[in-house]
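Chemist: I'd like to go over a predicted model; first the sequence, then the structure.
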Amino acid sequence: MSARRPLPPLLDALVVPLASLVIAFAISGLVILAIGEDPVAAMKLMVEGALGSTYGWGYTLYYATNFMFTGLAVAVAFHAGLFNIGGEGQATLGGLGVALVCLMLPWPHWSVAFLAATVSAAAFGAAWAALPAWLQARRGSHIVITTIMFNFIAASLLNYLLSNVLRPAGSMDPASARFAEGLQLPRLGAVLEPLGIAFSDRTPANVTLFVAILAGVAVWALIWRTRIGYQIRAFGKSERAAVYAGISPVRVTIIAMLISGALAGMMAVNTVMGEAQRLLLNSVEGAGFIGIAVALMGRSHPAGVALAALLFGFLYQGGAELALWTKIPRELITVIQALVILFTGALDNMVRMPAEWLWARISGGRGR
Amino acid sequence: MTFMHKLASTAAALALTAGAALAEPALIFDLGGKFDKSFNEAAYEGAKRWAGETGGSYKEIEMQSEAQREQALRRLAESGANPVVMTGFAFGDVLNQVAPDFPGTKFAIIDMVVDQPNVRSVVFTEHEGSYLVGMMAAKASKTGTVGFIGGMDIPLIRRFGCGYAQGVKAVNPNAVIIQNMTGTTPAAWNDPVKGAELARSQKAQGADVIYAAAGGTGIGVLQAAADEGILSVGVDSNQNYMHPGKVLTSMLKRVDNAVYEAFKMGTDLQTGVQVMNLASGGVGYAMDDNNASLVSADMQAAVDAAAAEIIAGTRAVHDYMSDNSCPVN
């Protein structure tokens, strides 16, 4: 009886996170009640604001696209047993890659620029992950520490470049010049129109969403259908067993981190080329860190990551609507987001253990 | 038929009045947050004053992320809010894109010039105000070393520092000015711990008056200066009250007046560039009971004389942003 009985997959993947979510929202409701606002009205506003119109969906999907990329980035590193906290810095560098491609060359069509920008963003992100990966693999410097440090270096580097190199003369805003007119990525409204789907055109959701979905499929294929994916998983499960099996830890560490960095970097295509049309100091907006929560909640599986990204997209957009139309202060919206992370990520076992116990009781008669 | 007509027109009238009721002004705070005791809070004070005097209500929103800028602007304009006032230069580019889409809405932006027919751009001559508090700092300093702590390292903050340095040197050409910036990211606007560290380090180097132009970070600077028994100079809002007798003065930047005036003009908001300088009372230094004992009559006379000369144009204060360089440092 003392041994924990694992839950069936469906319970594990759906019911436990949902229960955690319900608890998180219940406590958020209490907090909202405590500051004298109506939690039911607030919840309704969030749902309607984020999912009630194609306008809301547009923003939700825009944020979700960011989180999908960073979530996948963290997930790939997780499979190799590496904790990549550097998504923020890698995406920052990815943004630089996008901006350089868009600003330096005259592109004939957005689609060509889009491809080049995606490749460049991935390359810049991967390059930023390469050094921490090498330090981990060769020198044993812990990847958590080095990737965090690289976030700061990335922020400082970008700040230097934006205020001294890329900033147009006479502008105070530490941001690059606007990209050429034709480089605006088609928004979801324009993409869906030929299919007869009316979708709000004033939201930043754009074609990058489809790249994110493709990236999810690619990550699934990579991790579960390729030789290197097998090596990554084996290495992540047990480094010594992997070495015994002839897997090179240096190679796996570096490859996993390069893929992770590239995915994080690609996020910047969405924000820099899809939304702002110029490189801002803060184009990542913390998505690198949210990616950790998304990967945790999504159990490092691309499908789970996509769902978790959608949830956080909803929280971001719903939170924005709350901030716009109620007197609930923005700090509280952060509290709600934090509660969700806390319950779905850190306190996962709080729901899981009773659920396992309950499951053991229910299925106890049939079990051994 | 007529009844239906009547019903329809009543409904229309109702809808109209509802629309008119919605035409309330809106205020958007930048990432530093509403209660930074400095820049954004000054804007909030202005809005509060307007609401208190007119009994009107207004919408307000604090930014959480970059992507929200455009979203917030559009949503507020669509909801009928008019005028829409925003604090911070970071809105400049976004407003330039959004303003033409809402020709019927008036916008006001503080700290940035946006050249659109329906935008009022409010800019301040922070170098003039900083010059005055620089003079006071130099006169109050016994060590001949004074400090400056900026928030995020951007030209706007260097303009504060440059004006301050010129004021210090005008009083004491041999004075040493220690200048530090808190950081290179927007987080530098809200890092009181780092601000306090910088203040202590400047004190260790001999500074005995420190000017903080750093938004919420300045709270830490003022606290550390008070703890260490040296003087500080506040910024944007009057911060003298935060540590009575320990804050020499505050460089006032009347963001509150800018917001108040914009709200008061309402939908008739006058567009174009509005420069709030020493002459128009847009910048200045703060005097109240909390710092009366720190500012001698001689000090105040010298500063007031300099202010008069700046207004008259006989004393020039170099603007860092005019050529991105400072003649003294």
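Modeler: Received the coordinates, thanks.
Chemist: What parts of the stretch 101-250 of chain A come near chain B?
Modeler: Residues of the stretch 101-250 of chain A found near chain B (CB under 8 Å from any CB of the partner chain) are A:Ala155, A:Ser156, A:Asn159, A:Tyr160, A:Ser163, A:Met172, A:Asp173, A:Pro174, A:Ala175, A:Arg178, A:Arg202, A:Pro204. Quick note: C-beta positions are derived from backbone N, CA and C, even for glycine.
Chemist: go with 6 Å
Modeler: Contacts of the stretch 101-250 of chain A with chain B, taken as CB under 6 Å from any CB of the partner chain, map to A:Ala155, A:Ser156, A:Asn159, A:Met172, A:Asp173, A:Pro174.
Chemist: and of those residues, the nearest to chain B?
Modeler: Nearest to chain B among those, counting by CB to the nearest CB, is A:Asn159 at 3.7 Å.
Chemist: circling back: take the residues of the stretch 101-250 of chain A next to chain B and write them to JSON lines, including secondary structure and distance to A:Ala262.
Modeler: As requested, those are exported to JSON lines (DSSP: H, G, I helix; E, B strand; the rest coil; distance: CB to CB, whole Å):
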{"residue": "A:Ala155", "secondary structure": "helix", "distance to A:Ala262": "20"}
{"residue": "A:Ser156", "secondary structure": "helix", "distance to A:Ala262": "22"}
{"residue": "A:Asn159", "secondary structure": "helix", "distance to A:Ala262": "23"}
{"residue": "A:Met172", "secondary structure": "coil", "distance to A:Ala262": "34"}
{"residue": "A:Asp173", "secondary structure": "coil", "distance to A:Ala262": "29"}
{"residue": "A:Pro174", "secondary structure": "coil", "distance to A:Ala262": "26"}
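Chemist: By pLDDT, give me the weakest of those.
Modeler: Lowest in pLDDT among those is A:Met172, which has 68.
Chemist: Now do the same contact list for A:Ile143.
Modeler: A:Leu82, A:Pro132, A:Gln136 (CB atoms under 6 Å, 6 or more residues apart in numbering or on different chains).
Chemist: Just the buried ones from those, in ChimeraX syntax?
Modeler: For the buried members of the contacts of A:Ile143, the matching ChimeraX selection, counting by 16 or more other CB atoms under 10 Å in any protein chain shown, is:
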select /A:82,132,136
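Chemist: Hmm, B:Val303 is touching B:Tyr131, no?
Modeler: No: in this structure B:Val303 lies outside contact range of B:Tyr131 using CB atoms under 6 Å: 9.3 Å.
Chemist: Which of those two has more residues huddled nearby?
Modeler: B:Tyr131 (31 against 24; other CB atoms under 10 Å in any protein chain shown).
Chemist: Now restrict the residues of the stretch 101-250 of chain A next to chain B to buried residues only.
Modeler: Buried subset of those (neighbour count, 16+ other CB under 10 Å): A:Ala155, A:Asn159, A:Met172, A:Asp173, A:Pro174.
Chemist: Can you point out the buried residues in stretch A:162-174?
Modeler: Within stretch A:162-174, the residues that count as buried by 16+ other CB under 10 Å are A:Leu162, A:Ser163, A:Leu166, A:Arg167, A:Met172, A:Asp173, A:Pro174.
Chemist: Quickly check those residues for the two that are furthest apart.
Modeler: Farthest pair in the buried residues of stretch A:162-174 (CB to CB) is A:Leu166 and A:Met172. Separation: 13.7 Å.
Chemist: okay, and for chain A, where does confidence drop off?
Modeler: Chain A contains residues with pLDDT under 70 at A:1-5, A:170, A:172, A:364-368.
Chemist: Point to the residue nearest the middle of it.
Modeler: By CA atoms, centre = their mean, the mean C-alpha position of chain A lies nearest to A:Phe67, the distance being 2.5 Å.
Chemist: Disregarding flanking residues, what is the spatial nearest neighbour of the residue in chain B that chain A sits nearest to?
Modeler: Of all residues in chain B, B:Thr184 sits closest to chain A, at 3.7 Å by CB to the nearest CB. Spatial nearest neighbour of B:Thr184, chain neighbours left out: A:Asn159 (3.7 Å); criterion: CB to CB, 6 or more residues apart in numbering or on different chains.
Chemist: Isn't the one you found up against B:Pro186?
Modeler: No: using CB under 6 Å as the test, A:Asn159 is too far from B:Pro186 to be in contact (9.8 Å).
Chemist: Neighbours of the residue nearest to B:Ser237 when sequence neighbours are not counted, how many?
Modeler: Using CB to CB, 6+ apart and skipping the chain neighbours, the partner closest in space to B:Ser237 is B:Ala42 (4.7 Å). B:Ala42 is flanked by 24 other residues according to other CB under 10 Å.
Chemist: buried residues in the helix or strand harbouring B:Ala42?
Modeler: Assigned by DSSP states H and E, B:Ala42 belongs to helix B:39-54. Within helix B:39-54, the residues that qualify as buried are B:39-51, counting by 16+ other CB under 10 Å.
Chemist: got a list of what the residue of chain B closest to chain A touches?
Modeler: Contacts here follow CB under 6 Å, 6+ apart; on that basis B:Thr184 touches A:Ser156, A:Asn159, B:Asp153.
Chemist: dump the residue contacts of the first one.
Modeler: Think A:Ser156. B:Thr184.
Chemist: ok so, going back, of the contacts of A:Ile143, just say which sits nearest to B:Gly284.
Modeler: Nearest to B:Gly284 out of those is A:Pro132 (CB to CB; 50.2 Å).
Chemist: ok, for the closest one, nearest residue in space, not its chain neighbours?
Modeler: Of all residues not flanking A:Pro132 in the chain, A:Thr146 sits nearest, at 3.8 Å (CB to CB, 6+ apart).
Chemist: Would you quantify the distance from that neighbour to chain B?
Modeler: For A:Thr146, the distance to chain B (CB to the nearest CB, to the nearest Å) stands at 20 Å.
Chemist: Might one say that that residue is in contact with A:Ala133?
Modeler: No: A:Thr146 is beyond contact range of A:Ala133, at 8.7 Å (criterion: CB under 6 Å).
Chemist: Of these two, which one has the most company?
Modeler: A side-by-side neighbour count of A:Thr146 and A:Ala133, using other CB under 10 Å, places A:Ala133 first with 27 against 19.
Chemist: after the helix or strand bottoming out on mean pLDDT in chain B comes which helix or strand?
Modeler: Across the helices and strands of chain B, mean pLDDT, DSSP states H and E gives its lowest value to helix B:2-22, namely a mean of 44. Per DSSP H and E, the first helix or strand lying C-terminal to helix B:2-22 is strand B:26-29.
Chemist: Assess the claim that A:Leu135 and A:Ile145 are in contact.
Modeler: No: assessed by CB under 6 Å, A:Leu135 is found out of contact with A:Ile145, at 9.4 Å.
Chemist: more neighbours, these two?
Modeler: The neighbour count for A:Leu135 versus A:Ile145, taken as other CB under 10 Å, is higher for A:Leu135 (18 against 13).
Chemist: Roughly how far does the nearest residue to the more buried one once chain neighbours are set aside sit from B:Val85?
Modeler: The shortest distance from A:Leu135 to any non-neighbouring residue, by CB to CB, 6+ apart, is to A:Ser141 (4.0 Å). In this view, A:Ser141 and B:Val85 are 49 Å apart by CB to CB, to the nearest Å.
Chemist: The two: who's more crowded?
Modeler: Each of A:Ser141 and B:Val85 has its neighbours counted (other CB under 10 Å); B:Val85 has more, 29 against 15.
Chemist: hmm, the one helix or strand the more buried one maps to touching chain A?
Modeler: For B:Val85, the element it lies in under DSSP H and E is strand B:84-87. No: applying CB under 6 Å from any CB, one finds strand B:84-87 separated from chain A by no less than 12.2 Å.
Chemist: before we move on, which element is B:Val233 in?
Modeler: Here B:Val233 is assigned to strand B:231-236, by DSSP H and E.
Chemist: and that strand, what other elements does it pack with?
Modeler: Packing partners of strand B:231-236 (3 or more CB pairs under 6 Å, 6 or more residues apart in numbering or on different chains; DSSP states H and E): strand B:209-213, helix B:218-228, strand B:247-253.
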